[in-house]
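**Q** Got a sequence here, can you model it:
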Amino acid sequence: MYFKQIDSIRFFSVFLVLISHWLWDLPNIEGLRLGSIGVDFFFVISGFLISLQLYNFKNAVENKQETFGKTLFVFYARRILRIFPLYYLIVIISALFNSGEIREAFLWNLAYASNFYFIKIQHWPGIFSHFWSLSVEEHFYILWPFIVLFINKKYFPHVFTFVILFSVLFRYVVFNVNPNYFVLNVHTLSCLDVFMLGAFVAFLYEYKKELFIKVFTNVNYRFATFFSFVLLYFIWIIKSDWGNFNWVYARFLMGMIYSSLIGFLVIGGGGYLESYLKTNFFRI
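**A** As a prediction, the model looks like this:
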């Protein structure tokens with residue numbers, strides 16, 4: 001299933017990350033947290049799209065149209081062909097022609113463990129610092145299919161709740177026991193709640209369609225989401241000294257807004273914005 005408007009939002013998410021990397025040394029840009037917004041929004045989108053694909057696979061298995069083995073093979077084959085060739089080409093060429101940390105991190109990058117390498121060295125290596133988010137994405141791709149395909153769908157809401165609470169609790173413990181910038185930001189366990197928010201919206205779309213339509217066509221909910229985004233974003237960038245809020249809860253709360261936006265975009269509603277987002281200009 002393909003949504004042009006989701007592709008457009010994915011373009012804007014990537015663009016925000018690029019801006020944050022290109023203009024990182026400008027205090028005003030850094031303070032806007034554009035990179036954090038772009039990455040977490042991308043994680044939510046991945047949670048939605050990958051989960052929706054896996055739910056369709058699960059339906060096919062339950063209807064005896066496919067087998068577990070074949071669905072897993074198809075899923076991983078698609079991921080591998082889409083990501084591995086270009087990624088490994090870049091990693092290998094970079095290690096061959098560049099000295100320093102990119103060579104030191106070669107095995108970490110090969111294993112999609114770049115985020116753990118950054119936690120180890122405790123600084124951004126510059127030339128390949130963006131690899132951390134791809135590593136987290138791959139960890140999600142590896143684990144989530146087994147959970148979706150082998151657990152009864154009636155337990156999905158419990159899985160979403162458990163993983164979200166675990167991820168938030170992980171950040172809470174890290175921040176309050178031994179605060180570490182890189183663990184809080186790039187550790188896989190620190191990011192899982194935003195993936196699950198996307199997966200939850202996909203669950204509503206696939207299995208609770210009437211509720212999905214009721215929620216995401218509600219004008220009051222749309223207004224509340226917009227108001228919440230403005231308020232939370234203002235607090236997030238202005239009150240940088242609000243420890244637990246900024247480091248523990250903000251990612252989850254903003255993720256709820258991103259996941260709601262995905263629901264609104266999928267439902268649509270006409271108008272210039274929807275038509276604009278459905279153009280091919282923003283496809284990536």
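
**Q** Quick check: residue 131 touching residue 114?
**A** Yes. Residue 131 lies in contact with residue 114 (C-beta atoms under 8 Å); the separation is 3.7 Å. (Each C-beta comes from the backbone N, C-alpha and C, glycine too.)

**Q** Residue 13: helix or strand, and which one exactly?
**A** Element membership of residue 13, judged by DSSP states H and E, is helix 4-22.

**Q** Could you tell me which residues within that helix count as buried?
**A** Within helix 4-22, the residues scored as buried using 16 or more other C-beta atoms under 10 Å are 5-10, 12-14, 16-17, 19-20.

**Q** Distance from it to the middle of the chain?
**A** Between the centre of helix 4-22 and the centre of its chain there are 12 Å (C-alpha atoms, centre = their mean, to the nearest Å).

**Q** on contacts alone, who are the packing partners of the following helix or strand past it?
**A** Sequence order places helix 27-31 as the next helix or strand after helix 4-22, per DSSP H and E. Where contact means 3 or more C-beta pairs under 8 Å, 6 or more residues apart in numbering; DSSP states H and E, helix 27-31 is packed against helix 4-22.

**Q** elements contacting the helix it packs on?
**A** The helices and strands touching helix 4-22, judged by 3+ C-beta pairs under 8 Å, 6+ apart, are helix 27-31, helix 34-62, helix 250-267, helix 271-277.

**Q** quick one: the helices in the stretch 151-284 of the chain?
**A** Remark: helices assigned in the stretch 151-284 of the chain by DSSP state H, counting those that start in this stretch are 156-177, 181-186, 188-207, 209-216, 219-238, 243-244, 250-267, 271-277.

**Q** Between those, which has the poorest mean confidence score?
**A** Sorting those by mean pLDDT places helix 271-277 lowest, at a mean of 51.

**Q** Quick check: the gap between residue 255 and residue 10.
**A** Distance from residue 255 to residue 10, counting by C-beta to C-beta, to the nearest Å: 15 Å.

**Q** If anything else comes up later, I'll come back, but that's it for now.
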